[in-house]
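Undergrad: Build me a model from this:
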Amino acid sequence: MSRRSGILEFAVLGLLRESPMHGYELRKRLNTSLGVFRAFSYGTLYPCLKALVANGWLIEETEGAAEGVPAAALTGRRAKIVYRLTAAGKEHFEELLAHSGPDAWEDEHFGVRFAFFGQTSRDVRMRVLEGRRSRLEERLERMRTSLARSRDRLDDYTLELQRHGMESVEREVRWLNELIESERAGRDQRAPGSAAQERNHQSGDTGGLPRHRGGTRPDPSDDTTT
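TA: Numbering: from 1, shown residues only. Model prediction:
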């Protein structure tokens, strides 16, 4: 399985863990909520769904049947297929959530992993955040070294572009530092009694997001750090 298909599988299972969906709704959620999937097609999604069904992690239901509508009422119109997570699929997703190796903090994967941090244990969140920070600090050091060596040979616009790239990485490192500090403190700054807080409470030990201190938080799925 390729890295791209692996993270798509993770995202599909994570979204369907929240609620069953048909393909159009699932594609819309992937496009709008998870930036890394902004430009992917049904030709990418449906083979993934079929593979997950074949593995026993999803089941397909007609929309009316899933809602208890008699089959006779569906005659004359095309029923939409609804995808539902199975018990085995939930177990598999839990295993994927527990993974905190290098893939979890690479550019393409980190934003998707971060989107499901509310369902991830604090220990795993910490390992992913610290791994991401370490990777970016290494990248930042390489960028600074490269810029120092080539500064005299670059025109003003290329130089400005490289500075912009460095500032983007520096901004994400600062953001990660705030998140890691919050996780270590074990704070939960979500509004008391909120639905999100209740879901997080049910999914296990959770921390809180840092208060916004000005500027714009980097989008974890933004490609500016590549």
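Undergrad: Could you list the domains of the protein?
TA: Domain segmentation of the chain under automatic domain parsing yields 3-97, 107-225.
Undergrad: can I get those in a markdown table with mean pLDDT and mean neighbour count?
TA: The way it works is simple: take the backbone N, C-alpha and C, and place the C-beta from them, glycine included. Formatted as a markdown table, the domains of the chain follow (pLDDT from 0 to 100; neighbours: other CB atoms under 10 Å):
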| stretch | mean pLDDT | mean neighbour count |
| --- | --- | --- |
| domain 3-97 | 82 | 15 |
| domain 107-225 | 78 | 15 |
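Undergrad: For the protein, just list every one of the strands.
TA: For the chain, the strands defined by DSSP state E cover 21-22, 58-62, 81-85.
Undergrad: Tally up the residues packed near the residue lying closest to residue 132 once chain neighbours are set aside, please.
TA: Nearest residue to residue 132 in three dimensions, chain neighbours excluded: residue 105, at 3.7 Å (CB to CB, 6 or more residues apart in numbering). Look at residue 105: counted by other CB atoms under 10 Å, it has 22 neighbours.
Undergrad: any idea how far residue 105 is from residue 130?
TA: For residue 105, the distance to residue 130 (CB to CB, to the nearest Å) stands at 8 Å.
Undergrad: Enumerate every residue touching the residue nearest to residue 132.
TA: 113, 128, 129, 131, 132, 135 (CB atoms under 8 Å, 6 or more residues apart in numbering).
Undergrad: With distance to residue 23 added, can I get those in a markdown table?
TA: What follows is the contacts of residue 105, written out as a markdown table (distance: CB to CB, whole Å):
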| residue | distance to residue 23 |
| --- | --- |
| 113 | 23 |
| 128 | 29 |
| 129 | 33 |
| 131 | 33 |
| 132 | 31 |
| 135 | 34 |
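Undergrad: Considering those residues, which is situated nearest to residue 165?
TA: residue 135 (15.1 Å; CB to CB).
Undergrad: rewinding a little: which stretch among the strands of the chain approaches residue 169 most closely?
TA: strand 21-22 (35.1 Å).
Undergrad: Residues contacting that closest one, please?
TA: 15, 29, 63, 80, 81, 82, 83.
Undergrad: Try it again at 10 Å.
TA: The contact list for strand 21-22, computed with CB atoms under 10 Å, 6 or more residues apart in numbering, reads 12, 15, 27-29, 60-63, 66, 79-84.
Undergrad: partners of that strand, with directions?
TA: Strand 21-22 has the following strand partners under DSSP bridges: strand 81-85 (antiparallel).
Undergrad: ok so, going back, distance check, the residue nearest to residue 132 against residue 178.
TA: Going from residue 105 to residue 178 by CB to CB gives 17 Å.
Undergrad: same thing with residue 135?
TA: Counting by CB to CB - residue 135 and residue 178 are separated by 17 Å.
Undergrad: Rebuild the strands of the chain as a markdown table, extending it with distance to residue 100.
TA: Below are those laid out as a markdown table (distance: least, CB to CB, whole Å):
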| stretch | distance to residue 100 |
| --- | --- |
| strand 21-22 | 27 |
| strand 58-62 | 25 |
| strand 81-85 | 22 |
